[in-house]
Each structure stands twice: as C-alpha cells, then as structure tokens.
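Q: below are the sequence and a predicted model for it; my questions follow.
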Protein chains: 2
Amino acid sequence: MKIGDLAKRSGFSAHTLRYYERIGLLPYADRDASGQRDYDETILIWIEFLGRLKDTGMPIRDMLAYANLRNGGPATTQERHDILAAHRDQVQATIARLQANLLVLDDKIAGYAATLQRTQDDDSQHIPTSTNQAEHQPNTLYRNPIPARPARTGRHRRRGGPKGD
Amino acid sequence: MKIGDLAKRSGFSAHTLRYYERIGLLPYADRDASGQRDYDETILIWIEFLGRLKDTGMPIRDMLAYANLRNGGPATTQERHDILAAHRDQVQATIARLQANLLVLDDKIAGYAATLQRTQDDDSQHIPTSTNQAEHQPNTLYRNPIPARPARTGRHRRRGGPKGD
DNA sequence: CTAGGGGTTAGAGCGCACTCTAAGTCAAGC
DNA sequence: GCTTGACTTAGAGTGCGCTCTAACCCCTAG
C-alpha cells in the first residue's frame, strides 16, 4: 500500500503521515525499489488508535512517549498502562466539564428562545423584552475598533502610554 | 478594579485580558486619570461566559461574532440564539465522540491490566505474555531517529525563487 | 516520447491563541 | 528623592500541529 492509499484509508493526509513518521509516531516505513513507502495493512490499526488519542486531546509529545514505550516490549506494560489510565481520567474530566458547560449553554439558549417567543407574542403590543438572562451586560459594550486579527504587520511608531485624552 | 485584580478574579492573565480587549472580545475598558484600565464588577459575568465558550472549544472568531451581535441589541436575538444552539450541538457531538473513544481506551487499559495480572501470576514460570490486544504491531517498529520537534528555526537558504522557466 | 500523476526530501509557512518584551508612565512606600 | 512594582503601548515571539513548497524522481498510459 502506498502513502496515498493509506491516506485515503486512514483519514490522515499523506503530508501528515510523513510528518508522523518523521517525528517517530509512525514506524519508518519500508521503501520499495524506487524509494517509495510501501505500507502493510496492519499499520492501520496503530494509526486508528493514534487517531483516538488525538481525538481525545492527547498532545503529540505524549503519544510519542507511548509509542516509544512500545519498543520496550513487555517490560513497559505498566508504564503504558499508566499513561493510558491517566489519559482516560483526563478524558473523563473533560467530558464532565463539557457536560457542566452544556447546562449553562442550554439555559442561555432557552433564555433566547423565550425572548424570541415573547417578541412574537407581543408583536403588536411592543412590550420591552429585556428580561432575558442573555442581556446581563450594559449596552455600552463593544465600542473598540476590532482589528479582527492581531495583525503582525508593520513596525516602528512611538511607544509609551498616551495617557489622558 | 484594576487589570491585575481582574486577572486574579477571572483566571485570565492580564496579558490575555488586554489581548481580548484588543481583538474586541472584551469592551474597551474605561481608563482612570492615569490611563489605567478600571473595570466594573459586571464584566466578570461576561468573562465567565467567554470562559465557558472557550472551554467548550469555540474558536475566538466565533466568540467575536457572538460578541459583536450583542451590540446589535434585540434585533440580533435570533442570530445569537442560532450561534449558541449550533455550538451546543457541537459540544454534544464532542461529548459523544469522547465517550465512544473512552470505551476503546478502557478496553485497552483493561488489556494492559490483564497482562500485568498474568505477569504477576506467572511470576516464576516466565510464560511469554504477548496475548494482550495492546501488542498488535510487529516489534520492528520505531527505529526512526525522532527529532522530537520539527524545529522551525533557520532563515537561511534561497526562498521564493521559482527559477523562471 | 511525452505528459501526468503519483512519489521523495528538507525545510519554510500558517493559523491559532496566547505570551512576552521594550520602553515608557505613574503612585506609593521608605 | 529614590526605588519598586503595577500599569501602559505596539509589536515580536512561542508552541502546537500540521500544511505546503521546491525541486527533484519514477512509472504508466496514450
């Protein structure tokens, strides 16, 4: 299997697969007569697992540590177990955090929905509709320019605080 | 409240708070006589909500879109509702994905635990313990150098000169 | 024979979200 | 008066994880 095929089957781009090999996340692939990578099907199992670690937010450096332990054979079983167990705990914590935030989000959405409902009901009576929780802030907010992106162009110009104004 | 205090109370660094103001995620703060930001307590409510959006993985550009809609008043209620609802769906999908991966992770961890158990049981009989699911790969893996980091230094070498054909 | 569509490498560039630096101001404490 | 430390600005730098480019090679189809 060539890198393009593996890319299609694994969901990672060929660029990314080469990158992973370079940093040691994937084994150095055998090359065919003309120097092209020739993959064995079995690599897909490992790649799929890497994908799961990635999906669950494990940083590459940790995947690398785990990958390297696999070279150590059975002697590293405990360590590998511990890495995955620690990661699982992290994932569980993340899920819990997301679920907690989801409740707040749902509340806020319900607030908006209620406002919309009220606006519709009162369509011809124009009763002020500012009871929504979503409107906590003073409406003096957001008068700054907003460059939309930090923009790392340009240089020079004087520094020091222009106070007062 | 000065920026240092707000930093302590919000959990964001002063650097980050200034950055958020710069990009428009936080309102342009009032300055005191000597040009220093002087915050009102209420800003904490908005910052806390921003934190939740961030925690749930909303990119800054989307938070910005949401923040800007708040300036539009009640007219933007529907749009704000839709943004949050879409985000909520995303978060729910993320949770589902994490939970699915968690199962796989748990399986793998259980595999390691079983191997460790067996290794302990067979302590004095040294039976090879390679039945663990965790050992799918051929042990010829991982013989590449591993630079540990791509390293984006360097500025030498010709660039941009696509030899005019 | 030529075109094209794959592959190869080293290394540069990108997008994101900060994070920090330089050079300066200012208020309070010793 | 002087020092300390928190603040101000514009802009540069960082770390992550890719993503792409240049310049090349090789195989196959027409």
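A: On my side now, so go ahead. Numbers count the residues shown, from 1 in each chain, chains lettered A, B, ... in the order given.

Q: give me the domain ranges for chain A.
A: Domain assignment for chain A by automatic domain parsing gives A:1-71, A:76-124.

Q: export these to a markdown table and tack on mean pLDDT, distance to residue B:1 and mean neighbour count?
A: Every residue, glycine included, has its C-beta placed from N, CA and C. Formatted as a markdown table, those follow (pLDDT from 0 to 100; distance: least, C-beta to C-beta, whole Å; neighbours: other C-beta atoms under 10 Å in any protein chain shown):
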| stretch | mean pLDDT | distance to residue B:1 | mean neighbour count |
| --- | --- | --- | --- |
| domain A:1-71 | 96 | 34 | 16 |
| domain A:76-124 | 94 | 23 | 15 |
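
Q: residue nearest the centroid of chain A?
A: Centroid check for chain A by C-alpha atoms, centre = their mean gives residue A:57 as the closest residue, at 6.7 Å.

Q: pull the contacting residues for the nearest residue to it once chain neighbours are set aside.
A: Closest residue to residue A:57 apart from its sequence neighbours, by C-beta to C-beta, 6 or more residues apart in numbering or on different chains: residue A:94 at 6.7 Å. Counting by C-beta atoms under 8 Å, 6 or more residues apart in numbering or on different chains, residue A:94 makes contact with A:56-57, B:98.

Q: what about the residues you listed, which are in helices?
A: residue B:98 (DSSP state H).

Q: pick the one among the contacts of residue A:94 closest to residue B:26.
A: Set against residue B:26, the nearest of the contacts of residue A:94 by C-beta to C-beta is residue A:57 (26.8 Å).

Q: quick one: the closest one from residue B:14, how far?
A: 27 Å (C-beta to C-beta, to the nearest Å).

Q: residue A:34 too?
A: Residue A:34 is 57 Å from residue B:14, by C-beta to C-beta.

Q: next one: residue A:108 from residue B:85, what distance?
A: 10 Å.

Q: element containing the residue in chain A that DNA strand C sits nearest to, please.
A: Of all residues in chain A, the one sitting closest to DNA strand C is residue A:4 (2.3 Å; C-beta to the nearest atom of the strand). Using DSSP states H and E, residue A:4 sits within helix A:3-10.

Q: quick one: list the elements packing against the next helix or strand after that helix.
A: Counting by DSSP H and E, the next helix or strand C-terminal to helix A:3-10 is helix A:14-23. Other helices and strands packing on helix A:14-23, by 3 or more C-beta pairs under 8 Å, 6 or more residues apart in numbering or on different chains; DSSP states H and E, are helix A:3-10.

Q: and the contacts of the helix it packs on?
A: A:1, A:12-14, A:17-18, A:29, A:36-37, A:39, A:43-44, A:47-48, A:51.

Q: dump it to PDB, restricted to CA.
A: Taking C-alpha atoms only, helix A:3-10 is exported to PDB below (Å, rounded to 0.1, in the frame of the first residue of the first chain):
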ATOM      1  CA  ILE A   3       1.100   6.500   1.100                       C
ATOM      2  CA  GLY A   4      -1.800   7.900  -1.000                       C
ATOM      3  CA  ASP A   5      -3.800   4.800  -0.400                       C
ATOM      4  CA  LEU A   6      -3.000   4.800   3.300                       C
ATOM      5  CA  ALA A   7      -4.000   8.500   3.400                       C
ATOM      6  CA  LYS A   8      -7.400   7.700   1.900                       C
ATOM      7  CA  ARG A   9      -7.900   4.700   4.200                       C
ATOM      8  CA  SER A  10      -6.700   6.300   7.400                       C
END
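
Q: that helix and DNA strand D, are they touching?
A: No. Between helix A:3-10 and DNA strand D, judged by C-beta under 7 Å from any atom of the strand, nothing touches; the nearest distance is 10.6 Å.

Q: that helix vs helix A:14-23, what angle?
A: 100 degrees (axes from the mean of the first three to the mean of the last three C-alpha atoms, to 10 degrees).

Q: could you find the closest non-adjacent residue to residue A:32?
A: Residue A:32's closest residue in space is residue A:38 (C-beta to C-beta, 6+ apart), at 4.6 Å.

Q: the one you found contacts residue A:28, correct?
A: No. Residue A:38 lies out of contact with residue A:28 (C-beta atoms under 8 Å); the separation is 11.9 Å.

Q: nearest to residue B:120, of the domains of chain A?
A: So among the domains of chain A, domain A:76-124 is nearest, using C-beta to C-beta, at 10.5 Å.

Q: tell me how far that closest one lies from the chain's centre.
A: 15 Å (C-alpha atoms, centre = their mean, to the nearest Å).

Q: could you do stretch A:37-45 as well?
A: 26 Å.

Q: contact partners of that stretch?
A: A:1-3, A:5-6, A:9-10, A:21, A:26-27, A:29-32, B:136-138.
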